[in-house]
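**Student:** Provided below for reference: sequence and predicted model.
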Amino acid sequence: MIGLATSPTSLSAMLIKSRAIVLHTFKYNDTSSIAVLFTEERGMVSFVVRLPKSHRSSRKPQLFHPLALLEVEWAPRDKVSLQSLRNVSLATPYCNLPYDPAKASIAFFLSEFLYHSLRGETANYPLFEYITTSFLWLDTALKGYANFHLVFLMRLSRFLGFYPNTDRADSCPYFDLLNSCFTLAPPLHGHFIDSTEAQHLPTLLRMNYDTMHLFSFTRSQRNRLLDVMNSYYSLHIPDFPHLKSLDVLRDLFG
């Protein structure tokens with residue numbers, strides 16, 4: 001077989017180098033997996049990952065644990081749903097996140113949440129930066145992160161276009177989940193939370209990672225907020241499922 005000569009200049013022009021976040025992996029066949037990554041340069045991209053059996057290989061399965069921060073390189077192929085990685089390496093290794101059981105459970109839940117939330121998402125630099133800086137914060141947090149997933153998901157909704165409007169929170173007792181606003185009366189479509197639960201939203205919106213330890217929720221309140229968050233996203237993102245990892249997180253941080 002005769003190969004075509006390619007100059008270094010033309011080859012580099014064909015390649016994309018990008019930071020990426022691992023959202024989901026699953027088995028493809030006996031020698032390969034599919035890795036769904038949110039990349040800084042192209043948004044959501046699915047790759048075929050061939051995992052050599054050699055222990056010396058640099059492409060180890062550990063690279064693709066949930067929310068791993070990678071540097072990837074590939075030659076994009078149009079009209080092909082699965083791309084092939086040319087090079088992959090860790091961009092920023094976590095010190096604690098994959099090894100702490102509580103943090104690893106959060107990572108597993110949020111990687112599943114992001115996998116379903118970001119489907120079809122193209123390059124979005126502010127969103128990518130928000131996600132990476134959030135998980136680097138969690139990696140180094142020593143305590144006070146029990147509400148991290150709630151704060152993360154609430155602020156994520158701003159990037160996806162359905163951040164709650166709290167302008168009438170003081171005077172309106174109901175929160176309309178479909179239209180993302182407070183109302184005087186229950187909306188006719190039935191997707192709402194009443195005053196008992198709606199009062200927690202302004203509190204949650206005031207939290208950030210550095211101050212969230214100052215706020216506390218009971219077990220039932222935190223569990224209910226998780227359910228509300230899942231319902232809220234399912235109303236705004238087509239085919240958003242009930243997440244299997246939700247029950248694990250409910251048991252851990254409820």
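**Tutor:** Cool, the structure landed.

**Student:** which SSE is T203 in?
**Tutor:** helix 200-206 (DSSP states H and E).

**Student:** and that helix, how far out from the chain's middle?
**Tutor:** 21 Å (C-alpha atoms, centre = their mean, to the nearest Å).

**Student:** what packs against that helix?
**Tutor:** helix 148-160, helix 219-236 (3 or more C-beta pairs under 8 Å, 6 or more residues apart in numbering; DSSP states H and E). Where you see a C-beta, it was placed from the backbone N, CA and C, and this is true even at glycine.

**Student:** between helix 148-160 and the longest one, find me the angle.
**Tutor:** This means helix 219-236. On the basis of axes from the mean of the first three to the mean of the last three C-alpha atoms, to 10 degrees, helix 219-236 is oriented at 20 degrees to helix 148-160.

**Student:** mean confidence score for helix 219-236?
**Tutor:** Here helix 219-236 scores 90 as its mean pLDDT.

**Student:** next helix or strand past it?
**Tutor:** Beyond helix 219-236 toward the C-terminal end (DSSP H and E), the next one is helix 245-253.

**Student:** which strands and helices sit next to that following helix?
**Tutor:** So helix 245-253, by 3+ C-beta pairs under 8 Å, 6+ apart, packs with helix 101-117, helix 219-236.

**Student:** mind checking which of the ones you listed is nearest R168?
**Tutor:** helix 219-236 (17.7 Å; C-beta to C-beta).

**Student:** okay, the angle between the closest one and helix 101-117?
**Tutor:** Going by the same axes, to 10 degrees, helix 219-236 makes 20 degrees with helix 101-117.

**Student:** kindly export helix 219-236 (C-alpha atoms) in PDB.
**Tutor:** Output of helix 219-236 as PDB, limited to C-alpha atoms (Å, rounded to 0.1, in the frame of the first residue of the first chain):
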ATOM      1  CA  ARG A 219     -32.000  15.600  55.300                       C
ATOM      2  CA  SER A 220     -35.600  15.800  53.900                       C
ATOM      3  CA  GLN A 221     -35.000  19.300  52.500                       C
ATOM      4  CA  ARG A 222     -31.800  18.300  50.700                       C
ATOM      5  CA  ASN A 223     -33.400  15.200  49.300                       C
ATOM      6  CA  ARG A 224     -36.400  17.200  48.100                       C
ATOM      7  CA  LEU A 225     -34.100  19.800  46.400                       C
ATOM      8  CA  LEU A 226     -32.400  17.000  44.500                       C
ATOM      9  CA  ASP A 227     -35.800  15.700  43.200                       C
ATOM     10  CA  VAL A 228     -36.900  19.300  42.300                       C
ATOM     11  CA  MET A 229     -33.600  19.900  40.500                       C
ATOM     12  CA  ASN A 230     -34.000  16.700  38.500                       C
ATOM     13  CA  SER A 231     -37.600  17.700  37.600                       C
ATOM     14  CA  TYR A 232     -36.500  21.200  36.700                       C
ATOM     15  CA  TYR A 233     -33.900  20.000  34.300                       C
ATOM     16  CA  SER A 234     -36.300  17.400  32.800                       C
ATOM     17  CA  LEU A 235     -38.800  20.200  31.900                       C
ATOM     18  CA  HIS A 236     -36.100  22.200  30.100                       C
END
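
**Student:** can you pull the buried residues of that helix?
**Tutor:** 222-226, 228-230, 232-235 (16 or more other C-beta atoms under 10 Å).

**Student:** could you list the residues in contact with that helix?
**Tutor:** 113, 116-117, 146-147, 149-150, 153-154, 157, 160-162, 177-178, 180, 191, 193, 197, 200, 204, 217, 240-243, 246, 249-250, 253-254 (C-beta atoms under 8 Å, 6 or more residues apart in numbering).

**Student:** which among those residues count as buried?
**Tutor:** Applying 16+ other C-beta under 10 Å to these flags 113, 116-117, 146-147, 149-150, 153-154, 157, 162, 177, 180, 191, 193, 197, 200, 204, 217, 240, 243, 246, 249-250, 253-254 as buried.
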